[in-house]
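A.B. asks: coords please:
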Amino acid sequence: MLLQIRHTALLLTILLCTGCHAHSQFDLTHRPHSESLPAPQTGPLAEANRELLAGHQGETGLYLLRDGLSAFVARVAMIEAARSSLDLQYYIFSSDVSGSLIISKLLEAADRGVRVRLLVDDIGTPIDNPQVSTLAQHPNIAIRIFNPVAGRAGFSRSLQLAFGFSRTNHRMHNKLMLADHSVLLTGGRNVADEYFSNTEVDFQDIDIIAMGDVVREGAASFDQYWNSPVSVPASDLLDADDSDLNLGELRAVLADLLHSQRDSEFALALADSMLGQAILSGEIPLAWGEAHFHADPPSKAYARDDTPEEDYLGNVLRDELDSSNGRAWLTSAYFIPGDKGVDYLASLVDRGMDVRILTNSLSTTDVAVVHSGYSRYRRPLLEQQIKLWELRSEAGQQQRIHWFKGSSRASLHAKTFVFDDDRTFIGSINLDGRSLIQNTEVGLLIHSAAINQQLSQVFEDWIQASSAWQLSLDDKGDLQWKAANGNQPIRIDHDPETSAWQRFKVWSLSLLPIESQI
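C.D. replies: Purely as a prediction, here's the structure:
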């Protein structure tokens with residue numbers, strides 16, 4: 001019995017050490033360094049770039065992607081148009097319909113000679129699908145996993161995640177796509193059906209396409225993450241022998257899936273969209289301005305103590321707020337300001353700014369524990385004259401019904417910021433401790449009155465009484481929610497569209513001391 005205990009203790013020690021030092025056990029000497037390829041001289045994107053950027057030297061061409069279908073079409077069009085390189089960086093990359101469609105397009109691009117680099121987070125995208133090891137066998141495709149643990153599944157993985165928490169708690173939440181070093185796409189969307197209006201949950205989100213010198217900034221950020229010590233090739237984590245498919249068989253599997261989806265509402269809507277052709281033909285209507293790509297350093301995720309806080313992306317937002325004097329309209333799927341955040345926002349109101357915040361309601365959030373952290377700050381925010389809205393679950397139906405017959409439940413996923421009348425920020429960063437402190441994030445800071453006006457209109461649409469609840473305090477200082485169905489006003493004194501049990505669970509979670517982790 002004593003011998004069994006000793007053996008068990010030894011096994012646990014080995015597993016714990018593996019979890020705590022997983023990033024050091026991978027052989028860095030066999031990991032080739034690679035950098036973004038220069039833009040090709042020919043091809044649809046090169047020609048579109050020359051045509052669209054002519055007469056706009058030093059400016060950035062920008063196109064806002066508001067609805068999920070347009071965001072999906074844009075990604076497919078970029079992949080189909082690429083002739084040299086494709087670089088994709090995502091927190092979540094699912095193997096559902098939209099993910100498989102994009103994988104099939106990436107495989108087609110690689111077959112025609114395009115170099116494909118795909119970087120995904122180990123928690124957001126657990127790479128344990130045998131198809132991945134097959135895809136990574138393609139000579140033109142490289143897949144790397146950010147900040148992984150060695151265990152791919154089961155008890156070993158769970159144990160490594162738990163006991164390596166000080167490292168594995170920091171994730172790569174970035175969203176970035178680059179095609180031919182000519183076009184950049186970033187914003188809030190991951191790659192999964194719910195981000196592209198193809199499920200019963202319809203994420204309200206924003207992406208943006210950019211052309212011009214800013215693409216070089218995005219490419220430099222991608223290279224920094226790709227070559228970081230914790231970006232591990234999929235081949236170091238997966239055994240190619242575990243795959244039941246070769247590349248030819250994988251192509252057949254993907255072709256069968258595409259065939260099965262040919263009559264779906266999603267496929268038909270995709271076929272009817274004109275955006276893809278506009279991108280390919282260089283006829284996409286761009287707004288113009290100045291833009292800069294900003295990103296947390298990758299070391300924020302694995303060497304935070306050695307990474308100066310002044311390098312964090314959140315400081316970019318703070319600087320823009322400090323320099324604003326008219327308005328700050330903030331959209332954040334997850335919003336936990338903390339006491340210091342409430343005081344700071346109140347200071348903006350004190351100097352005459354119009355501060356508005358849109359976030360999720362309890363009925364639309366996809367992470368209840370985040371809502372528990374946010375809910376305690378609603379009353380202090382309102383007491384400081386900060387205007388607050390929460391998304392309704394029916395929001396977005398009018399936009400969705402244009403393409404789809406089925407109903408959906410809305411959920412806010414956007415992270416957008418409108419500053420005064422000339423600046424905006426669109427990216428992956430939420431206003432909570434996890435985004436600001438724990439995870440890495442990216443985004444585009446834009447100086448363009450046109451994009452500012454477009455994003456302002458999106459915000460105003462989202463806070464309409466048919467789409468969002470406006471919060472206020474009654475004469476007794478209690479919270480109330482106001483909205484409308486048509487011309488019929490609605491007033492509620494508790495979290496709308498929720499049960500007493502849901503509200504009790506959130507209240508219970510709010511008692512936990514975990515605010516910095518959510």
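A.B. asks: are we agreed that Asp87 is in a helix?
C.D. replies: No: using DSSP: H, G, I helix; E, B strand; the rest coil, the secondary structure at Asp87 is strand, not a helix.
A.B. asks: is it true that it touches Ala219?
C.D. replies: Yes: with contact defined as Cβ atoms under 8 Å, Asp87 and Ala219 form a contacting pair (7.1 Å). (Each C-beta comes from the backbone N, C-alpha and C, glycine too.)
A.B. asks: show me which of these two is the more surrounded one.
C.D. replies: Asp87 (27 against 22; other Cβ atoms under 10 Å).
A.B. asks: in which helix or strand does the closest residue to the more buried one other than its chain neighbours reside?
C.D. replies: Nearest residue to Asp87, sequence neighbours excluded (Cβ to Cβ, 6 or more residues apart in numbering): Leu178, at 4.4 Å. Using DSSP states H and E, the element containing Leu178 is strand 175-179.
A.B. asks: for Gly352, same thing?
C.D. replies: Per DSSP H and E: nothing holds Gly352, as it lies in no helix or strand.
A.B. asks: tell me the contacts of it?
C.D. replies: Asn325 (Cβ atoms under 8 Å, 6 or more residues apart in numbering).
A.B. asks: from Leu184, how far out is it?
C.D. replies: Separation of Gly352 from Leu184 (Cβ to Cβ, to the nearest Å): 36 Å.
A.B. asks: again with Asn325
C.D. replies: 30 Å.
A.B. asks: do the same with Asp350
C.D. replies: 38 Å.
A.B. asks: returning to what we had before: following the chain onward from the strand holding Leu178, which element is next?
C.D. replies: Counting by DSSP H and E, the next helix or strand C-terminal to strand 175-179 is strand 183-187.
A.B. asks: between Asp350 and Leu184, which one's more packed in?
C.D. replies: The residue with more neighbours, out of Asp350 and Leu184, is Leu184; 27 against 10, by other Cβ under 10 Å.
A.B. asks: residue contacts, the most centrally placed residue in the chain?
C.D. replies: By Cα atoms, centre = their mean, the chain has its centre lying nearest to Gly188, at 3.7 Å. Taking Cβ under 8 Å, 6+ apart as the criterion, Gly188 is in contact with 175, 205-207, 333, 413-416, 426-428.
A.B. asks: go on, Leu471?
C.D. replies: Per Cβ under 8 Å, 6+ apart, neighbours of Leu471: 378, 382, 388-390, 479-482.
A.B. asks: give me phi/psi at Val201?
C.D. replies: Dihedral pair for Val201: phi -100, psi 120, per degrees, to the nearest 10.
A.B. asks: returning to what we had before: now do the shared contacts for Asp87 and Ala219.
C.D. replies: 36, 178.
A.B. asks: thinking again about what came up before, so which of the contacts of Leu471 sit within strands?
C.D. replies: Among the contacts of Leu471, the ones falling in strands (DSSP state E) are 388-390, 479-482.
A.B. asks: ok, and the most crowded of those residues?
C.D. replies: For the ones in strands among the contacts of Leu471, neighbours tallied by other Cβ under 10 Å; top is Glu390, 27 neighbours.
A.B. asks: if I look at that one, how far off is Leu52?
C.D. replies: 39 Å.
A.B. asks: Arg216 now?
C.D. replies: Counting by Cβ to Cβ, the gap from Arg216 to Leu52 is 17 Å.
A.B. asks: which of these two has more neighbours?
C.D. replies: Leu52 (18 against 15).
A.B. asks: any low-confidence regions in the stretch 51-200 of the chain?
C.D. replies: Within the stretch 51-200 of the chain, the segments meeting pLDDT under 70 span 126-131, 150-169.
A.B. asks: now do 50
C.D. replies: 155, 162-163 (pLDDT under 50).
A.B. asks: likewise the chain?
C.D. replies: In the chain, residues with pLDDT under 50: 1-24, 155, 162-163, 396-406.
A.B. asks: okay, domains of it per the record?
C.D. replies: With domains defined by automatic domain parsing, the chain comprises 53-281, 308-517.
A.B. asks: in the stretch 251-400 of the chain, which spans are strands?
C.D. replies: For the stretch 251-400 of the chain, the strands defined by DSSP state E, counting those that start in this stretch occupy 287-295, 327-332, 354-360, 387-391.
A.B. asks: as JSON lines, these with distance to Pro40 would be great.
C.D. replies: Shown next, in JSON lines, are the strands of the stretch 251-400 of the chain (distance: least, Cβ to Cβ, whole Å):
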{"stretch": "strand 287-295", "distance to Pro40": "21"}
{"stretch": "strand 327-332", "distance to Pro40": "36"}
{"stretch": "strand 354-360", "distance to Pro40": "41"}
{"stretch": "strand 387-391", "distance to Pro40": "42"}
